[in-house]
Each structure stands twice: as structure tokens, then as C-alpha cells.
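J.: Just a sequence and a predicted model for now, questions to come.
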Amino acid sequence: MTWKFPGLVSMQGTVLLPMAFFLFFLSLRPVYPAVTYDLIPAPDKSGRWGYVDAKTKKTVIAPKYGSAEFFSDGVAIVADATRKKGLIDRNGREILPVQYDAVTRSRLFYSPYEDVSGFFIVTLGDQEGIVRTDGSWVLPMGKYEDIRFYKEGYFRFDGSFWINGQIYTPPSGYVISRIIPQIDAFMIESAAKSSFSTPKNGVMLRDGTILISPEYDEIEFVCGAEKRWTVSKVDSNVLGKVIKAVVTGGDLDVDERKDMLTFWLLDGEGKVIRKYRARYHPFVKDGRVTYQSGGKEYEVSPVTGEVIIPDTSRKVGNRYVLFQERGFWGVKDTEGLVLIEPQYVSMGSLGDDLFSARKIEGLDTSGEAPAYNVYAENVGVVNTANQVVMPFEYREIASLRYPDSQTAHFRVAKTVKKEGASYGGVRYGIADRSGKIVVPLQYDSQFYMNRIGQAQVYQEGRHGVIDHAGRVILPLEYASIFDTRELGKTTAFFYTAEKNKLWGVYDATGKQIVPHRYGYLSLDEKNIKKGWVVGDSPDRQKRGAYNYLTRVTIPMEYEHIRIHDSLISTYRRSTEHGAKDQYDLLDFKGKKLATYDHVKETAGGNFIVQKDRLYGVLDQKGKIGVPLKYRDISFFKGEMLRATDMAGNRFYISESGTEYRIKD
């Protein structure tokens, strides 16, 4: 059933925009304001702010403001001496009078540090409004509880949406929660009645028609020309059990295999096509609808609503297909010729013409396949002629996928008893493609080859590294090992390893490049290219560094150490009462270049430094670029800095020391 709600009006009270507008959504992209630095806010001698040309330093906009911000999107926020704010353009024309309590850039509600281009929020007393960069009002001043901006250039306020000059308002008691861009519709939801209730969802079209009544716990649009929807409701008794579990802190008393909700497939007009029972809300992706019921997974045809019998067959490589009949697996070629009749309870490809297969001895394969124990040791290897390459006596057989899936050896596992022991444990080894064990079953856990065919292995509390042929790269004598390439720290392969509670570094050949002397080691791509590794002292209280190319050692006596492009900065906390903390700059040989009271790196790779209460700027090599003569220097944006001189005057400077002040 559909019903109308006359709640969609424009700012002028007219009827809504045409259908073509919704195509606009499909081409929208995130837009952010671009800050420009060709006009620089600058004060005169009396402290009034105007703007100067960044290159000539000549006055472009006369100084008459109490404060001024940089231009972006062609406008800038300015304030008078009473801190009232407004907007000016690049010619100095006030496009929004300087009379408001606040003017701020609109920001994404889910990312408050990202500005949205084209809009400003204006505040006066307890009222707010929104203006464009040309000063025109988008949302007039008023009392709004909730304004949220989105990347696509639209915003929500008090449950309504503003899009390209139109305001869309939901029925009373509801809010528009999101836009459905595939069609001209909005998702609407009710306000929760209590902390234990959930909002109910519905769908509203652009003309105010309620396509789907707002009474469902979840709604999903199924993409496609048919315009199908799934809507679902959780059983009321299940909701009661959920509330009880939350209140009491107990477990949810619902059978693991019992269905907990009902969902419906609806057509493009909101009419029911079919009803279903499910364990969870249906999963909708790429025009497909799947759901779980009774412990099984099903797929629904979005056109007819019929439950589709899943095709469990899967193509492996370019020549073969694994297929299933009555729960048993077999193999056929891509032309459909059966090579192995269905007889195994599970199968997997090992590349080329080999397959792992799980066989239950003595089982009648003419009936339905039973459930099987995944820990049973009845896995073997067969070829396309169904000849046994490895006997059915392993718990696991899997491809190591190196150097490729077609020629790789196998990781194999089964229970191994130690000599004289009454029981054993699962051990892992390697077999070649002929079925020969080339690495004995001796490791305690699964292992995986990295991109150069090496794997970390574990045995009786010790770690090591082997290659795909079983050759030892690092012996089993380390408490921990990390592969820095697999962790995303470096592009080359290194292993950080712990031995006797101290960490060292090895290259991919097993050669030690950093000695075991550190409580922990930090590797990253930028530092390792220059040969540097930063490490903690054994008690993890201090930090130092080591260069494995030059053998230079920076002693572990600093609270912080950082490797830069051309030098090293360190920080040492004072241990004496009244003494200053110390920041040292070192060259790559470890020689001290200078000591300061404070050091910070700028966006341009230079350094703001402080010594004896004076600030200046060093270049990337540690040479003085801006003399230490300022009361303060701090970061701003880009390569622009804020400075305060000894008389207390504030202004902007470049990292090279150019001051921006109005002197004429």
C-alpha cells in the first residue's frame, strides 16, 4: 500500500525538481576548498589586518579588520575589532556583512577535520544559517538542531535534506537517514522511543510518496532494472530476549540454528513478491540476495523470488571443474567429461592435474554424503586418473603456492608420536608433487610462504625461517620473528628476530645486519633505505639507532629519536630539577651539530627551533635559515608559519623567513 505525504518543498515553496536532477547524484564527487597563498593576511603597525601580494608584498586589500583568514574558494573570513565576522571576496568586497557571531566552513559530520567546499555556517545568537561563497543564503537563519554536511555537496538539517536548492521533508516523527542514489528515493526512519527500541525504516520517493511503509528493522535496495527491495522484521520475542540479555548482562537465549526474523522481497512498487524466514537479515550485493536459514545458505532470484539451487561446482585452473552430486565431489574437464566420479566428501585443487581429496573408507557413495570430521586424518592426493599420489592418511594437504600454484609443493599435516610417547600431536612438513616428503613432519603449526618462497616455522616454543624446499634460512632458536615486508613496513624482505630478550635484524639470506642488542626494533621504508634502524634499550626506556650500511651507532640514551633526510633529531629529558630538556641535532656519523630547547619539523622538511626563549628556523641540513629572534613561531598550513616578534606583534612568515606585514 502506498500513501502520500505533502512534505517536499523548495525554498520558494514550489514543487520538487524533475527526475533528471537525480542523475546529478551519479556524477557527484567529493569537493574540498582549495586554500590559496597568493594573498597573505597581514597586519599594519596598529594591528589592523588586510592582505598583501605574496610575491611583491604590496598591499592588495587595505587593513581594516581585527583578524583575517586565508582565502579559499575565492573568499575569506574576516572579523572586526569586536570579533563580529563576515566574508570578503578577493577584491575586498564584503559579500556577507561583518556582523555575525561566527562564520565557519562547513565540515563533514563524520570527518570534522575535512571542510566541504562552497558553504559556510553563520551564527548569530542561538540561530544558524548557511550561505554560499557568493554570500547568497542557502538556509535562512533559524533554530536548527542538527546540520550535517556530506561529501556530495548536500546537507541534512532537523531530519530534512537540502539538495541543489530543494528541501525534502519526511513525515512527522521521521527523519531522512540517507539518500538512495540508484533511484529517486530516500530512506526514512523513526526516532527510537527508548534506549531499548530501534528505529523503524521506510522508503519515500522524491514526490512525497511513501513507497515502503516505515515499519521495518532493515531495508536494502537490490540493484537492477527490476528495482527490487528486501525488507525485514526481527521477531518480537527475539527482541525481548536481546533486551533481557543487555539488561542482565547474560547470554542471548536463542538457538543457534533457529531463524530469528522474517523478510520479504518487494517489487519496484513496494508490493510483496515472496516471504521468507531467516536467521539473519538478508545479504544484498551486486544484485544478489542471499540468506541463512536452518544452518544453510540460500540465494533468491530477485526477479521471481524463487529460491535458487546453488551451483557448488567451481572451475580450477583452465582445464578442470570440481563438481558435486549428492554431497560427493568429483572432477570433470571444461567440456563436461567426467574424469573422477563423485566419491570424495571434499576436494581442492593443488594445481595442474593434482587434487587433495578427503575419503571416508567403506562409505556407500551411491547415497547422500554425510557430514565429516574436518580433523579426521583421511586426506590424500589424487590425479585426474584418480590414481593415489599420496595416501589418505593426512589431516591436511594444501598448496604452498610458491613459485606458483601449478608447480608448488604441499604443506602436509598429521599426528606424529614421539618415540616412547603414548600420544602425539599434529605436525607439519612439506611434500613434493610426486608425494615424497621432503621436509619431515616436525613443525607445530601451519606455515605460509611469502613472496620470495620463505616461511616462518615454529617448534617447541622456538621460531625459525625455511624456504620452499625446506632449507634453513634462520634456525629454530628465536622467541619471535617478524617479516617486515609482510607487515607492510618495508618493500625489501627483512626479519626482525628476538633472542635472549634482545632483538636483531636479518636479511632474506639469513645474514645478520643488526646485532641483538635492542629491547625492540622499529623498521620503516624511509629509514631502511638509508640503512637506519631505530631501537629501544633493553629496558624499553631509551632509544637509539644503528646504520647497518655504515655501522654507525647512536647510543640508546634518548627518549625520542628521528631520522630525517639529512640529519637526526633527538630528545633527552632532563633528570635534574630546574634543568632544561635537550634537543640535539646529529649528522649521519653521530656527530652533534647543535643543541636546542625545542625542535619541530615543518611541512617543508625544515625545523622550528627554540633556544633561550627565542625561535627561528633551520633548513633541512640544520643550517640557520631564519634567525632566532622571534618570541614564538608555530605551524599554520602548507609551508606558512605564524610568528610573534618581541613586541608581541603577530603575523605570517614563510619557512625561508619572508615576513608578511603592511608597512605602507
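T.: Cool, got the structure.
J.: Helices of the chain, residue ranges please.
T.: Using DSSP state H, the helices of the chain run over residues 20-26, 236-248, 525-529.
J.: hey, which of these is tucked in deepest?
T.: With neighbours defined as mean count of other Cβ atoms under 10 Å, the helices of the chain peak in mean count at helix 525-529, which reaches a mean of 15. Bear in mind the C-beta positions are built from the backbone N, C-alpha and C, glycine included.
J.: right, and residue 120 touches residue 129 too?
T.: No. Contact status for residue 120 versus residue 129: not in contact, 9.2 Å apart, counting by Cβ atoms under 8 Å.
J.: follow-up on the earlier one: and residue 53, which of the helices of the chain is closest to it?
T.: Set against residue 53 and scored by Cβ to Cβ, the helices of the chain come closest in helix 525-529, at 36.7 Å.
J.: if you average pLDDT over the closest one, what comes out?
T.: For helix 525-529, mean pLDDT rounds to 95.
J.: related to what we said a few turns ago, mind checking which of the helices of the chain is nearest residue 476?
T.: helix 525-529 (26.0 Å).
J.: what about the closest one, distance to the chain center?
T.: Distance of helix 525-529 from the chain centroid (Cα atoms, centre = their mean, to the nearest Å) equals 24 Å.
J.: Please enumerate the strands of the stretch 351-500 of the chain.
T.: For the stretch 351-500 of the chain, applying DSSP state E, counting those that start in this stretch gives strands covering 354-358, 379-383, 388-394, 396-399, 410-417, 424-431, 437-443, 454-459, 462-467, 472-478, 480-483, 494-499.
J.: Quick one: those as a markdown table, columns for mean neighbour count, distance to residue 271 and mean pLDDT too.
T.: Converted to a markdown table, the strands of the stretch 351-500 of the chain look like this (neighbours: other Cβ atoms under 10 Å; distance: least, Cβ to Cβ, whole Å; pLDDT from 0 to 100):
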| stretch | mean neighbour count | distance to residue 271 | mean pLDDT |
| --- | --- | --- | --- |
| strand 354-358 | 24 | 47 | 98 |
| strand 379-383 | 22 | 51 | 98 |
| strand 388-394 | 17 | 54 | 98 |
| strand 396-399 | 20 | 49 | 97 |
| strand 410-417 | 19 | 54 | 94 |
| strand 424-431 | 18 | 56 | 93 |
| strand 437-443 | 16 | 60 | 96 |
| strand 454-459 | 21 | 57 | 97 |
| strand 462-467 | 20 | 62 | 98 |
| strand 472-478 | 16 | 65 | 98 |
| strand 480-483 | 18 | 56 | 97 |
| strand 494-499 | 22 | 62 | 98 |
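J.: So what sits opposite the most centrally placed residue in the chain in the bridge?
T.: Closest to where the C-alpha atoms of the chain average out (Cα atoms, centre = their mean) is residue 111, at 13.4 Å. Beta-bridge partners recorded for residue 111 (DSSP bridges): residue 108.
J.: lowest average confidence, helix or strand, in the chain?
T.: Sorted by mean pLDDT, DSSP states H and E, the helices and strands of the chain end with helix 20-26, the least confident at a mean of 31.
J.: Point out where the stretch 1-150 of the chain drops to low pLDDT.
T.: Scanning the stretch 1-150 of the chain for pLDDT under 70 picks out 1-34.
J.: pretty sure residue 408 is in contact with residue 401, am I right?
T.: Yes. Between residue 408 and residue 401 a contact is recorded at 5.2 Å, counting by Cβ under 8 Å.
J.: shared neighbours of the two, anything?
T.: Common contacts of residue 408 and residue 401, defined by Cβ atoms under 8 Å, 6 or more residues apart in numbering, comprise residue 449.
J.: Among those two, which residue is more densely surrounded?
T.: Counted by other Cβ atoms under 10 Å, residue 408 and residue 401 do not tie: residue 408 has more neighbours, with 22 against 17.
J.: Next, the more buried one: phi, psi?
T.: Main-chain dihedrals, residue 408, degrees, to the nearest 10: phi -70, psi 150.
J.: what comes into contact with stretch 317-337?
T.: Residues from elsewhere that reach stretch 317-337, judged by Cβ under 8 Å, 6+ apart: 312-316, 338-349, 351-353, 355, 357, 365, 367-370, 384, 406.
J.: Quick one: buried ones out of those?
T.: With burial judged by 16 or more other Cβ atoms under 10 Å, the buried subset of those is 316, 339-340, 342-349, 351-353, 355, 357, 365, 369, 384.
J.: So, low pLDDT: which residues of the stretch 151-300 of the chain?
T.: Low-confidence segments of the stretch 151-300 of the chain, defined by pLDDT under 70: 192-197, 252-254.
J.: Residue 473 versus residue 451, what's the distance?
T.: For residue 451, the distance to residue 473 equals 14 Å [Cβ to Cβ, to the nearest Å].
J.: Same question for residue 458.
T.: Per Cβ to Cβ, residue 458 is found 14 Å from residue 473.
J.: show me what contacts the spatially closest residue to residue 547 that is not a sequence neighbour?
T.: Setting aside the residues directly before and after it, residue 547 is nearest to residue 531 in space (Cβ to Cβ, 6 or more residues apart in numbering), at 4.3 Å. Residue 531 makes contacts with 547-550, as judged by Cβ under 8 Å, 6+ apart.
J.: now for the residues you listed, which pair is the farthest apart?
T.: Largest separation among those by Cβ to Cβ: 548 and 550, giving 8.1 Å.
J.: Comparing these two, which residue is more hemmed in?
T.: Neighbours per residue (other Cβ under 10 Å) separate residue 548 from residue 550, with residue 548 holding more: 17 against 13.
J.: right, and that one touches residue 504 too?
T.: No. Using Cβ under 8 Å, residue 548 is not in contact with residue 504; the gap is 10.2 Å.
J.: Can you check which residues contact both of those two?
T.: Listed as contacting both residue 548 and residue 504 by Cβ under 8 Å, 6+ apart are residue 514.
J.: Dump the strands of the stretch 351-500 of the chain to TSV, plus distance to residue 45.
T.: Below are those laid out as TSV (distance: least, Cβ to Cβ, whole Å):
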stretch	distance to residue 45
strand 354-358	84
strand 379-383	86
strand 388-394	87
strand 396-399	77
strand 410-417	78
strand 424-431	79
strand 437-443	77
strand 454-459	68
strand 462-467	69
strand 472-478	68
strand 480-483	60
strand 494-499	59
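J.: So for residue 40, which of these sits nearest?
T.: Of the strands of the stretch 351-500 of the chain, nearest to residue 40 by Cβ to Cβ is strand 494-499, at 46.0 Å.
J.: Now do the closest one: distance to the chain's middle.
T.: Between the centre of strand 494-499 and the centre of its chain there are 28 Å (Cα atoms, centre = their mean).
J.: could you measure the spatially closest residue to residue 571 that is not a sequence neighbour against residue 661, distance?
T.: Among residues not flanking residue 571 along the chain, residue 560 sits closest, at 4.1 Å (Cβ to Cβ, 6+ apart). Using Cβ to Cβ, residue 560 is found at 35 Å from residue 661.
J.: Tell me which of these two has more neighbours.
T.: Set residue 560 next to residue 661 and count neighbours by other Cβ under 10 Å: residue 661 wins out with 18 against 13.
J.: Just give me the neighbour total for the nearest residue to residue 524 once chain neighbours are set aside.
T.: Excluding the flanking residues, the one nearest residue 524 by Cβ to Cβ, 6+ apart is residue 489, at 5.6 Å. Using other Cβ under 10 Å, residue 489 is surrounded by 17 other residues.
J.: Contacts only, for residue 489.
T.: Residue 489 neighbours (Cβ under 8 Å, 6+ apart): 523-525.
J.: Looking at the residues you listed, which is nearest residue 302?
T.: When those are compared for distance to residue 302 (Cβ to Cβ), residue 525 wins out at 46.2 Å.
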